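Trainee: Only the shape, not the letters, is given here:
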């Protein structure tokens, strides 16, 4: 496959940037999977440059894979330069909403305004949770801040971070869907370059209440500019669900037979050939799932009925689902359930971020053959997460294989289960 793509890329017309980006990006993935990271980065750079062809499209995966690969290799200056290129493009449009000129943005290297800003977000639960952790870490307590988030997250974020005003834009899908006519009426006068997901008439009017306008990508850029020296100032949970909802989760857990509760997620909610390489099949968890005295609690946010049935049939283990909890849309209940269990095991998906934001111990199942897992790992111990210290990344880069990662997780499960038993006995 690599030789075939090589033969194509040498003749692929650069006048067709989408085709050229797809081919060079696929080559990057092949080399990265083979752990030839330097060559992979070269192809990702080609894909990155071709994908924007003089512009920058944050929705494409290869620019981000290029930057996270550079960070994983500790090539921070190159990563920051690539991200700055994206910042410059995005602010070509966004500076029209800002109190500061584009020139000032460039000269200040897109520094966060110490007086506060209204941050335009709405890109997804995982990214928003991570970026909110950065904002909490860097915000000036005297400043005025607002953030546009996914409507599912708004209520929990508001009660958890009362010093920030949260907004949610209308959507035409999901539990907060509105009629399409209402959706577009709310965007009258908003141009595509400003982003229909981020910007509405309401947001345009609200921006006048804040010292400045910003994008949540500015927070990611702030993190990158620390070049591996970013540190959180508190280990207090980012999200604080209603104690009554947490107690409801605990009461349900107490009704289960085991004495150690593990929340589990094993893949992305979206399936594809490339994505599936980065995740496990739940059937690979056999040794973990057969651990005696453990309740396994479903945190996987998609239809898992077939997988849960297969685990039950093959291993005799029931993955439990808390009644009345929608694992895709009931965000406060999901975070409350995560806070109530003893441990969470999850790959790098929204389930991981939400569990980390709950402050619960998390083992990140990082079996991807690619570098991006490493960009957020504290190099002092090669496992602690840069944003949520309760997350420990068990990476294939450190342990060598998927099986070795799963074996290490099993080992840690047994240790934590034993430690809880000792504490219970001492009490």
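Mentor: Alright, I've got the coordinates. None of the values given here were measured: they were computed from a predicted structure.

Trainee: the strands in the chain, which residues?
Mentor: 118-120, 145-149, 164-168, 213-215, 260-264, 294-298, 319-320, 343-346, 362-366, 391-395 (DSSP state E).

Trainee: now those as CSV including mean neighbour count?
Mentor: Backbone N, C-alpha and C define where each C-beta goes, glycine included. As requested, these are exported to CSV (neighbours: other Cβ atoms under 10 Å):
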stretch, mean neighbour count
strand 118-120, 25
strand 145-149, 24
strand 164-168, 19
strand 213-215, 25
strand 260-264, 24
strand 294-298, 23
strand 319-320, 21
strand 343-346, 26
strand 362-366, 26
strand 391-395, 23
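
Trainee: Which among these is found nearest to residue 278?
Mentor: The closest of the strands of the chain to residue 278 is strand 362-366. By Cβ to Cβ, the value is 8.6 Å.

Trainee: wait, isn't residue 177 in contact with residue 171?
Mentor: Yes. With contact defined as Cβ atoms under 8 Å, residue 177 reaches residue 171; the gap is 5.7 Å.

Trainee: Settle it for me: which of the two has more neighbours?
Mentor: Applying other Cβ atoms under 10 Å to residue 177 and residue 171 shows that residue 171 carries more neighbours, namely 16 against 13.

Trainee: Would you check how far apart that one and residue 75 are?
Mentor: With distances taken as Cβ to Cβ, to the nearest Å, residue 171 is found 38 Å from residue 75.

Trainee: what's the answer for residue 23, then?
Mentor: Applying Cβ to Cβ to residue 23 and residue 75 gives a distance of 24 Å.

Trainee: So which of the two has more stuff around it?
Mentor: residue 23 (22 against 17).

Trainee: Tell me how far that one lies from residue 69.
Mentor: Counting by Cβ to Cβ - residue 23 and residue 69 are separated by 18 Å.

Trainee: can you pull the buried residues of the longest helix belonging to the chain?
Mentor: Taking DSSP state H as the criterion, the chain has its longest helix at helix 402-426. With burial defined by 16 or more other Cβ atoms under 10 Å, the residues of helix 402-426 counted as buried are 405-406, 409-410, 412-413, 416-417.

Trainee: where's residue 355 relative to residue 122, distance?
Mentor: Residue 355 sits 22 Å away from residue 122, taking Cβ to Cβ as the criterion.

Trainee: neighbour count winner among those two?
Mentor: Between residue 355 and residue 122, counted using other Cβ under 10 Å, the more crowded position is residue 355 (32 against 24).

Trainee: Go ahead and confirm that one touches residue 239.
Mentor: No. Using Cβ under 8 Å, residue 355 is not in contact with residue 239; the gap is 10.0 Å.
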